[in-house]
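Novice: Sequence first, predicted model second:
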Amino acid sequence: MNVIQPATNLATPEKQPKKETNIGKLLLDLGKLSADEAERVLRLQKQENIKFGEAAVKLGFITEADIRQALAVQFDYPYLQTNEGGFSPDLVAAYQPFSTQVESLRALRTQLILRWFSEGNKALAVVSPKTGNGCSYIAANLAIVFSQLGENTLLIDANLRQPVQHVNFNLSETRGLSDVLIGRSGLEVITHLGAFENLSVLGAGTVPPNPQELLARSSFTDLLNQVMSDYDVIIVDTSASDISSDAQAVAGKCRGTLVVTRMNETKFSDLTALKDQLNGVGVRIIGAVANQF
């Protein structure tokens, strides 16, 4: 994922480690070591004057991945092990936090903080000119990296035509945005995900026959105003502009948008058309991403 117009004069805030918890205890708590193995590690650590984790790896009791997991807990930066939680593997920010694509997502997060959220804005629509550009992928993972920063984050699936966030996050709640917009449900349908300390998701809900009309209703504005009092960051996923004009309605409510394109695939004419559509409803384009994942 390449980020257009990088910003370099602000670093994201860093978490402070939980200094009262050492790596050995964390590895025991995580079930990576038995008490007997921990004793053997301590003996080798003392004999060779090396770090506890290094000694445990040397004895073959744990892997480097286990060390990274323990460090993530120590620094209050939790992430998931492969297949843990039953979520989609597309949630790379949760499953592969040290990968190249997630480093790019963190860089994007910094830019969005600089250009949008630091100005007091809370809602951001994620839009794309074509189906398959990776709009939902970027929206989901952006929500995760913001939550990992300690921001109370809400992901809203406003793609009422081809929703995927209920699958990505394995939501058991079948009601969602569409049900809220017609008054059949309230904010109780927002799912707080225990696996992600600061992340909640509002799925698309029942797929309606009139998504554009629903998204243009004042009830969507009312919803955003309500959740803005409870969340620091609100990421809103949308359907691609090649199949509907829904994204315009959503972006108009959020006032700001991030455009997602596909590296070496998105045509300049499609991007220009989307830009004109967004400008036509007074939406500020915060930036664009050329997605290659």
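Specialist: On my side now, so go ahead. Residues are numbered from 1 along each chain as shown.

Novice: Do I have it right that Gln111 meets Ala288?
Specialist: No. Between Gln111 and Ala288 there is no contact under Cβ atoms under 8 Å: 10.8 Å. For glycine as for every other residue, the C-beta is placed from the backbone atoms N, C-alpha and C.

Novice: For Asp66, the count of nearby residues, please.
Specialist: When neighbours are counted by other Cβ atoms under 10 Å, Asp66 registers 21.

Novice: Correction: the previous question concerned Glu64.
Specialist: Around Glu64 there are 9 residues (other Cβ under 10 Å).

Novice: Please list all residues in contact with it.
Specialist: Applying Cβ atoms under 8 Å, 6 or more residues apart in numbering to Glu64 gives the contacts Val57.

Novice: Which per-residue confidence value corresponds to it?
Specialist: Per-residue pLDDT puts Glu64 at 81.

Novice: From here on, call the first residue 42.
Specialist: OK, 42 is where the count begins now, so the last one is Glu105.

Novice: Spell out the residue ranges of the strands in the stretch 192-334 of the chain.
Specialist: 194-198, 232-233, 240-243, 274-278, 297-303, 325-332 (DSSP state E, counting those that start in this stretch).

Novice: tell me the pLDDT at Gly191?
Specialist: On the pLDDT scale, Gly191 is placed at 90.

Novice: With Ala184 as the reference, measure out to the residue lying closest to it once chain neighbours are set aside.
Specialist: Leaving out its chain neighbours, the residue that sits closest to Gly191 by Cβ to Cβ, 6 or more residues apart in numbering is Asn239, at 6.2 Å. Going from Asn239 to Ala184 by Cβ to Cβ, to the nearest Å gives 10 Å.

Novice: who has more neighbours, those two?
Specialist: Ala184 (31 against 20).

Novice: Wasn't that one part of a helix?
Specialist: Yes. Judged by DSSP: H, G, I helix; E, B strand; the rest coil, Ala184 forms part of a helix.

Novice: thinking again about what came up before, which one of the strands of the stretch 192-334 of the chain lies nearest to Gly126?
Specialist: Of all the strands of the stretch 192-334 of the chain, strand 240-243 sits nearest to Gly126, with 11.8 Å by Cβ to Cβ.

Novice: show me where the chain has helices.
Specialist: Here the chain has its helices, by DSSP state H, at 64-70, 76-89, 93-99, 105-115, 133-136, 141-156, 176-189, 206-209, 218-222, 252-256, 259-269, 287-295, 309-321.

Novice: worst average pLDDT in the ones you listed?
Specialist: Looking at the helices of the chain, the bottom one is helix 105-115 with a mean of 73.

Novice: on that earlier part again, does the residue nearest to Gly191 touch Asn193 like I think?
Specialist: Yes. If you go by Cβ under 8 Å, Asn239 and Asn193 touch, sitting 5.3 Å apart.

Novice: quick revisit: which stretch among the helices of the chain is buried most, on average?
Specialist: helix 176-189 (a mean of 27; mean count of other Cβ atoms under 10 Å).

Novice: Tell me how far the residue nearest to Leu212 when sequence neighbours are not counted lies from Gly127.
Specialist: Nearest in space to Leu212, with sequence neighbours left out and distances taken as Cβ to Cβ, 6+ apart, is Gly244 at 5.0 Å. Gly244 sits 15 Å away from Gly127, taking Cβ to Cβ as the criterion.

Novice: which one of those two has more residues nearby?
Specialist: The neighbour count for Gly244 versus Gly127, taken as other Cβ under 10 Å, is higher for Gly244 (27 against 9).

Novice: Touching, that one and Pro204? I think so.
Specialist: Yes. Assessed by Cβ under 8 Å, Gly244 is found in contact with Pro204 at 6.8 Å.

Novice: shared neighbours of these two, anything?
Specialist: Common neighbours of Gly244 and Pro204 (criterion: Cβ under 8 Å, 6+ apart): Asp198, Gly217.

Novice: Now do the contacts for Ile185.
Specialist: Contacts for Ile185 (Cβ under 8 Å, 6+ apart) come out as Leu132, Ala134, Ala135, Phe237, Leu240.

Novice: Give me the neighbour count for the nearest residue to Gln203 once chain neighbours are set aside.
Specialist: Distances taken as Cβ to Cβ, 6+ apart place Ser280 nearest to Gln203, at 6.3 Å, with adjacent residues excluded. Applying other Cβ under 10 Å, we find 27 residues neighbouring Ser280.

Novice: So Ser280 versus Ala292, what's the distance?
Specialist: Separation of Ser280 from Ala292 (Cβ to Cβ): 12 Å.

Novice: pretty sure Phe187 contacts Tyr272?
Specialist: No. Counting by Cβ under 8 Å, Phe187 stays clear of Tyr272, with 9.9 Å between them.
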